[in-house]
Structures are given as C-alpha cells and as structure tokens.
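Undergrad: sequence? don't have it. structure:
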C-alpha cells in the first residue's frame, strides 16, 4: 500500500511529449518534454547547418501539435542563446559519439572539437 501511494505521489501529472524537428532542421534539443500541461511554455533549440527558425512539432499521446509562434532572440540575448544552442548540439553529438563505433566516433569527435572551438563552448575534448 505504501509503495503504491509513493508511486501515485511521484508520478508526473502531465503528459510526456516527443519533439520532432520542423522545416528541415537536422537536430532538436531537448528531444522529449515531461509533465506538460495546457498553456505550458517550452523552450526548444533546433537547427541544421546554422541556427534556423522553424517551428518544431510536439508529438503527444492525443496527437501532434505545431508551435503557434517562433520567436527570435532579442539583440541583447542572441549571443547567449547562440551559445546555449551550440551547447545543446554538442551534448547531442557527445551522446552520438558514445554510441558510435570507433571509426564513426573519431569523425564525431572531430566535429565536436570544431563546433566547440567555433562557438567557444568548452567540452571535455577541448579542455
């Protein structure tokens, strides 16, 4: 009884959603969102070769939703958001590198170092 009560207490009350890149973007971060409720705001970074503004889609159990608005960062925050987007991309590349075979891992590590140096975001590979 106590174990079931604990599970009921700690279970997320909202929905879980998978984020799908939109508009030809190659990557998205985060890839999933948890405990979503109607009216929640969600900050998502996505991009292809460079940063692009394309609305991602959110796949919920009840259906698929597209963002109603996509806002560009103001001039004061664009450099900070650009670094956060690079950090998100680097995190995804590191996850891919850890799962890849040795030959592919070397290529991904090269891309990690290149992007890290270009965006001035430190990683264990550039420290």
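TA: Yep, it's here. This structure is a prediction, so every number in the text was calculated from the model and none was measured.
Undergrad: And the spatially most central residue of the chain, its phi and psi?
TA: Taking CA atoms, centre = their mean, the centroid of the chain lies closest to residue 29, which sits 0.6 Å from it. Main-chain dihedrals, residue 29, degrees, to the nearest 10: phi -150, psi 130.
Undergrad: Test my guess that it contacts residue 84.
TA: No: using CB atoms under 8 Å, residue 29 makes no contact with residue 84, being 9.3 Å away. The C-beta positions use only the backbone N, C-alpha and C, and glycine is treated the same way.
Undergrad: so what's in contact with these two at the same time?
TA: With contacts defined as CB atoms under 8 Å, 6 or more residues apart in numbering, the residues shared by residue 29 and residue 84 are residue 45.
Undergrad: and residue 85, how many neighbours does it have?
TA: When neighbours are counted by other CB atoms under 10 Å, residue 85 registers 20.
Undergrad: What sits closest to residue 14 if chain neighbours are left out?
TA: Closest residue in space to residue 14, ignoring its immediate chain neighbours: residue 35 at 4.0 Å, by CB to CB, 6 or more residues apart in numbering.
Undergrad: Could I get the buried residue list for the host helix or strand of the one you found?
TA: According to DSSP states H and E, residue 35 maps onto strand 32-36. For strand 32-36, the neighbour count (16 or more other CB atoms under 10 Å) marks 33, 36 as buried.
Undergrad: Give me the sheet partners of it and which way each runs.
TA: Note on strand 32-36: by DSSP bridges, its sheet partners are strand 15-20 (antiparallel).
Undergrad: and residue 62, how many residues sit next to it?
TA: Neighbours of residue 62 (other CB under 10 Å): 8.
Undergrad: so who does the residue nearest to the centre of the chain touch?
TA: Here residue 29 is in contact with 44, 45, 46, 85, 88, 89, 91, 92 (CB under 8 Å, 6+ apart).
Undergrad: Go again with 6 Å.
TA: 45, 88 (CB atoms under 6 Å, 6 or more residues apart in numbering).
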